[in-house]
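*Asks:* When you get a sec, could you give me coordinates for this:
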Amino acid sequence: MQVYSEGTDLANDALSLEAVTKRFGDFTALASVDLHLPRGEMTCFLGPSGCGKTTLLRLIAGLEAPTSGRIRLSGQDITDQPAHKRQLGMVFQSLALFPHLSVAENVSYALRVRGHAKAERRQKAQQLLELVQMPDVADRHISQLSGGQRQRVAIARALALEPDLFLLDEPLSALDAKLREEMQVEFKLLQQRLGITTILVTHDQREAMTMADRVVVLNGGEVQQVGTPLEIYRRPANAFVADFIGTSNLIDCEVVDSHHVRAHGHTLAVAELPDGLAPGAAASVSIRPEDVRVHAPTGDGGLPDRGAGCLDGTVAFIRDVGQSVELYIDCGDLRLSSHVPPRDKPDVGQGDRVAVELPAAACRVLGP
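*Replies:* Prediction:
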């Protein structure tokens, strides 16, 4: 399994994890994790609940100690370094702002703890509030701010000590959907402007696809794949990634030869096979719904024949969700979904016979 995408430059690491393992008693939360995160990028740790992403973030922050393995920040071994000595900024899901302090006092709190003069703290707080586009709220109390404003204050506070690494633990999860999407874009633009190396923990695939330069997909305490959002989506490393990221038609199959597989009695053409899969091997095919093409009957009522990868089916259900139309097609005991823009919807209805085309170039064969 290819965990890293091609062309990954391991010499430009801001953060490296080498065979990091974390156990809690008999439970292994993380198993021999190797990661190399380039400086200046935003990396998202993505996976289902319990996959180990928050534990991994806490190890990097120094809030937990690894059972084995090493953690290096800009080449320096920080494995045994306490959290307060690591040059990190962190925003928690709860934000953890002080309600009895003003906005400026919250932002500059870390500077106050480190003994910086009051005038210096005030100046730094004002600079950071301008950075997060809140220049006029320095003297307000936290209770006077909206959810989005509190989020920005937490970000400004985490930036006060000019950290080498910025850690975010699902910081947008408490916001409503519209504000959350606005903050995703705002924070990504801020991160790009600052060029600060950032790690974001999320279970939200859309958030990861929107914000990340690269995504680390975890499951069961193991790294499944590392790559850009588009690589993860278009070239999943295994069936778990294909199923977890976005929506996919995932079809069990058997390899016929280097360009064909057999699935549910149908022969499908594919562009390539992963290494190590010989004829007769069990595998699965992943094809995204937007790549599945549905063809209405021809003028004489027959179905178009487009060769291997074109199946006869019946429309089981149609759902119009505004930005796309979703068609669910039964091809014998195989159900496939197709998503098309409203303007491209074929002229078919529920119960109609159709031809379903699965283009070879879009069929990704995955090992067991």
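*Asks:* Restricting to C-alpha, output stretch 268-275 in PDB.
*Replies:* What follows is stretch 268-275, C-alpha atoms only, in PDB (Å, rounded to 0.1, in the frame of the first residue of the first chain):
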ATOM      1  CA  LEU A 268     -15.800  -4.300 -16.200                       C
ATOM      2  CA  ALA A 269     -12.900  -2.700 -18.000                       C
ATOM      3  CA  VAL A 270     -10.300  -0.900 -15.800                       C
ATOM      4  CA  ALA A 271      -7.300   1.200 -16.700                       C
ATOM      5  CA  GLU A 272      -4.800  -0.500 -14.400                       C
ATOM      6  CA  LEU A 273      -4.300  -3.000 -11.500                       C
ATOM      7  CA  PRO A 274      -2.300  -2.400  -8.400                       C
ATOM      8  CA  ASP A 275       0.900  -4.300  -8.000                       C
END
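*Asks:* what's next to it, contact-wise?
*Replies:* With Cβ atoms under 8 Å, 6 or more residues apart in numbering as the test, stretch 268-275 has contacts from 251, 253, 255, 258-262, 283, 285, 307-309, 358, 360-361, 363, 365-367. No exception for glycine: its C-beta is placed from N, CA and C like everyone else's.
*Asks:* Only whichever of those are buried, select them in ChimeraX.
*Replies:* Buried members of the contacts of stretch 268-275, defined by 16 or more other Cβ atoms under 10 Å, are picked up in ChimeraX with:
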select :251,253,255,260,261,283,285,308,309,358,360,363,365,366,367
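*Asks:* Show only the entries of the contacts of stretch 268-275 found in strands.
*Replies:* Under the assignment DSSP state E, those contribute 251, 253, 255, 260, 261, 262, 283, 285, 365, 366 to strands.
*Asks:* how about the helices of the stretch 151-300 of the chain, start to end?
*Replies:* Remark: helices assigned in the stretch 151-300 of the chain by DSSP state H, counting those that start in this stretch are 177-194, 205-211, 229-234, 239-244.
*Asks:* Mind putting these into a markdown table with distance to residue 129 and mean pLDDT?
*Replies:* Shown next, in a markdown table, are those (distance: least, Cβ to Cβ, whole Å; pLDDT from 0 to 100):
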| stretch | distance to residue 129 | mean pLDDT |
| --- | --- | --- |
| helix 177-194 | 13 | 85 |
| helix 205-211 | 22 | 90 |
| helix 229-234 | 31 | 94 |
| helix 239-244 | 38 | 93 |
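*Asks:* Compare those and give me the one nearest residue 14.
*Replies:* helix 177-194 (13.1 Å; Cβ to Cβ).
*Asks:* Just list what that closest one packs against, helices and strands only.
*Replies:* In this structure, helix 177-194 packs against helix 147-159, helix 205-211, with contacts taken as 3 or more Cβ pairs under 8 Å, 6 or more residues apart in numbering; DSSP states H and E.
*Asks:* Please identify the most buried of these.
*Replies:* Of the helices and strands packed on helix 177-194, the one with the most neighbours on average (mean count of other Cβ atoms under 10 Å) is helix 147-159, at a mean of 22.
*Asks:* Tell me the buried residues in stretch 57-72?
*Replies:* For stretch 57-72, burial by neighbour count (16+ other Cβ under 10 Å) applies to 57, 58, 59, 60, 61, 62, 64, 66, 69, 71, 72.
*Asks:* what's the offset of stretch 327-343 from the middle of its chain?
*Replies:* Centroid separation for stretch 327-343 versus its chain: 26 Å, with Cα atoms, centre = their mean, to the nearest Å.
*Asks:* List the residues that contact residue 28.
*Replies:* Counting by Cβ under 8 Å, 6+ apart, residue 28 touches 21, 22, 221.
*Asks:* Repeat that for residue 314.
*Replies:* Contacts of residue 314 (Cβ under 8 Å, 6+ apart): 329, 330, 351, 352, 353, 354.
*Asks:* what do you get if the cut-off is 7 Å, keeping everything else the same?
*Replies:* Going by Cβ atoms under 7 Å, 6 or more residues apart in numbering, residue 314 touches 329, 330, 351, 353.
*Asks:* Fine by me, thanks again.
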